[in-house]
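[1] Dropping a prediction and its sequence here:
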Amino acid sequence: MSEHSEALSQTPRERRVFVKTYGCQMNVYDSQRMSDALAADGYRATDEIGEADLVLINTCHIREKAAEKVYSELGRVRQLKAEREAAGHEMLVGIAGCVAQAEGEEIVRRAPVVDLVLGPQTYHRLPEMVARARSGTKVVETDHTLEDKFAHLPAPQRAPTRARGVTAFLTVQEGCDKFCTFCVVPYTRGSEISRTVAQIVAEAERLAEAGVREITLLGQNVNAWHGMGPDGREWGLGRLLYRLADIPGVARLRFTTSHPRDMDDDLIAAHRDLPALMPYLHLPVQSGSDRILKAMNRRHVAADYHRLVERIRDARSDIALSGDFIVGFPGETDADFEATMRLVEEVRYAAAFTFKYSPRPGTPAADMEFQVEPQVADERLQRLQALIARQQREFQESLVGQEMDVLIEKPGRRPGQKVGRSPWLQPVILDETLGEIGDIVSVRIGHTEANSLFAAPPGAT
Ligand code: 5AD
Ligand code: SF4
């Protein structure tokens with residue numbers, strides 16, 4: 001149909017792709033790489049789903065709610081596709097990400113509107129899959145291929161990188177071999193793979209050349225990253241961070257998400273030695289109860305976590321911690337939950353994500369006895385959230401009156417303002433005359449509102 005209209009017009013109409021991303025930052029990164037791969041194939045990104053020739057939904061399977069969203073989104077897409085087709089246009093629909101990996105063919109059966117289903121290890125073959133789907137074949141690819149998708153995906157291009165701003169994600173590691181009993185990641189993303197030092201350094205250099213000032217290294221288990229360095233020795237994430245900090249233009253580095261068991265001495269030393277490494281660490285513990293930690297197969301106890309936090313704080317006293325917590329894991333008693341509350345009280349978080357346990361088919365915990373009553377889990381969730389919200393407020397208030405470096409990221413919502421980011425990840429609203437986007441400026445925090453910090457006006461004492 002669009003082949004036909006192209007044949008009639010002199011210049012082929014540029015195709016458009018609309019990408020919607022659910023879930024974690026790794027999905028955000030993957031969506032960008034998919035857009036880059038499609039750009040090389042003539043697809044321009046659009047924010048208007050109604051004008052898209054290709055709709056790609058990059059999905060998350062971590063909790064049940066996240067997966068269900070995909071099917072309700074597809075209900076809306078079906079309507080749009082019908083309207084576009086009635087007007088003589090194409091609209092291919094693709095499902096990528098972890099729901100695609102977990103459900104495969106089932107998606108096409110349940111939602112016939114879908115034309116292609118692609119798992120996270122197949123994105124380098126996207127243009128070829130789209131071509132097959134355009135010829136009317138339903139395409140389902142969910143292999144955990146042995147080939148290195150990163151070696152085949154186009155590197156980030158200058159123009160789209162610039163358009164994405166002065167901060168960027170860079171996936172260095174994928175998959176997980178830890179097999180926490182609640183988690184689908186080892187099944188959806190597969191076993192752990194690390195990208196090579198050369199690939200990572202080259203990508204970071206490209207980002208820096210395009211004007212990126214802050215790079216966040218990503219991995220489901222980012223601090224399990226390891227690779228052969230140019231010195232012929234095995235490097236861990238700490239060593240890699242020293243190397244990346246040497247790249248001209250890279251002013252800030254972050255990494256997420258870390259497992260407590262993989263926080264080695266080099267990585268802690270990097271937090272002590274590298275001014276570019278921001279003093280913020282996402283270090284999920286999930287529970288404060290040793291019994292539950294064991295049932296979760298976390299392979300650490302609460303005391304290990306406390307000792308680790310102490311070592312990290314000894315190395316970098318101003319480091320802020322964030323975490324993930326699951327309440328209502330099977331068998332969690334009141335006493336187990338109180339142990340989690342105690343751990344949070346003792347650690348003092350700057351922020352944290354809290355989740356009600358969601359049984360994921362195929363994971364060991366889903367079959368465990370003594371699933372917790374939903375209303376008990378709800379009450380626990382509320383108590384934990386209130387405690388964390390209080391700690392977050394206290395942390396923010398402790399920053400009022402402090403001088404800090406802020407990376408200016410974008411124009412503000414109100415005229416005369418710009419928005420930057422503090423070393424501890426909060427948005428900072430500042431006067432636009434204080435600097436240009438991409439500058440790092442020193443400001444004093446005047447007050448805080450919700451999750452944002454407000455810089456004192458220039459000249460204020
Ligand atoms: N139920 C609830 N929360 C979960 N998470 C992972 N799997 C589940 C599940 N089945 C949470 C963990 C993890 C974060 C990304 O999501 O806290 O760290
Ligand atoms: Fe999931 Fe545990 Fe691996 Fe994190 S460490 S991705 S929670 S299995």
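    Looks like it came in fine. Ligands and ions are numbered 1, 2, ... in the order given.

[2] what sits against residue 324?
    Listed by Cβ atoms under 8 Å, 6 or more residues apart in numbering, the contact set of residue 324 reads 257, 282, 284-286, 352-355. Yep, even glycine has a C-beta here, placed from its N, CA and C like the rest.

[3] does ligand 1 sit close to the host helix or strand of it?
    Here residue 324, judged by DSSP states H and E, is contained in strand 320-327. Yes - on the criterion Cβ under 6 Å from any ligand atom, strand 320-327 is in touch with ligand 1 at 324, 326.

[4] and the gap between residue 190 and ligand 2?
    Applying Cβ to the nearest ligand atom, to the nearest Å, the value for residue 190 to ligand 2 is 11 Å.

[5] just to revisit the earlier point, now the strand holding residue 324: average pLDDT?
    In this model, strand 320-327 has an average pLDDT of 98.

[6] buried set for it?
    320-323, 325-327 (16 or more other Cβ atoms under 10 Å).

[7] Nearest to residue 44 among those?
    Distance ranking of the buried residues of strand 320-327 against residue 44, using Cβ to Cβ, places residue 322 first at 36.3 Å.

[8] how close does the closest one sit to residue 425?
    Separation of residue 322 from residue 425 (Cβ to Cβ, to the nearest Å): 8 Å.

[9] for the residue nearest to residue 100 when sequence neighbours are not counted, phi and psi?
    Computed as Cβ to Cβ, 6 or more residues apart in numbering, the closest residue to residue 100 that is not its neighbour in sequence is residue 117, at 4.7 Å. Here is the backbone geometry of residue 117 (degrees, to the nearest 10): phi -130, psi 120.

[10] any residue of the helix or strand encompassing residue 37 up close to ligand 2?
    Here residue 37 sits within helix 25-39, counting by DSSP H and E. No - Helix 25-39 stays out of contact with ligand 2 when judged by Cβ under 6 Å from any ligand atom, the minimum separation being 10.3 Å.

[11] Near ligand 2, which residues of the stretch 151-300 of the chain are found?
    176, 178-180, 183, 185-186, 220-221, 259.

[12] Looking at those residues, which one is closest to residue 292?
    Nearest to residue 292, judged by Cβ to Cβ, of these is residue 180 at 11.3 Å.

[13] How about the backbone phi and psi for that closest one?
    Torsion angles, degrees, to the nearest 10, at residue 180: phi -60, psi 140.

[14] Verify the stated contact: it with residue 287.
    No - checked against Cβ atoms under 8 Å, the pair residue 180 and residue 287 is beyond contact range at 10.6 Å.

[15] Next, show the common contact partners of those two.
    With Cβ under 8 Å, 6+ apart as the test, residue 180 and residue 287 both reach 296, 298.

[16] Which residue of these two possesses the greater neighbour count?
    residue 287 (25 against 21; other Cβ atoms under 10 Å).

[17] Residue 337 versus residue 384, what's the distance?
    8 Å.

[18] Let me know the pLDDT of the residue nearest to residue 100.
    97.

[19] mind listing what it touches?
    With Cβ under 8 Å, 6+ apart, residue 117 has these contacts: 94-95, 100, 103-105, 107-108, 139-142.

[20] and what of residue 55?
    17-18, 20, 49, 77, 80-81, 91-94.

[21] cool, and residue 175?
    By Cβ under 8 Å, 6+ apart, the neighbours of residue 175 are 185-186, 189-193, 220-221.

[22] got the residues you listed as TSV, with pLDDT, distance to residue 362 and secondary structure columns?
    Output for the contacts of residue 175, formatted as TSV (pLDDT from 0 to 100; distance: Cβ to Cβ, whole Å; DSSP: H, G, I helix; E, B strand; the rest coil):
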residue	pLDDT	distance to residue 362	secondary structure
185	93	12	helix
186	94	10	helix
189	90	14	coil
190	90	14	coil
191	91	16	coil
192	94	19	coil
193	93	21	strand
220	95	17	coil
221	96	19	coil
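
[23] Write a PyMOL command that selects only the buried members of those residues.
    In PyMOL, this line selects whichever of the contacts of residue 175 come out buried by 16+ other Cβ under 10 Å:
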select buried, resi 185+186+189+190+192+193+220+221
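
[24] of all the contacts of residue 175, which comes closest to residue 408?
    For these, the nearest to residue 408 is residue 220 (30.6 Å; Cβ to Cβ).

[25] Quick check: the closest one touching residue 171?
    No - under the criterion of Cβ under 8 Å, residue 220 makes no contact with residue 171, lying 9.5 Å away.
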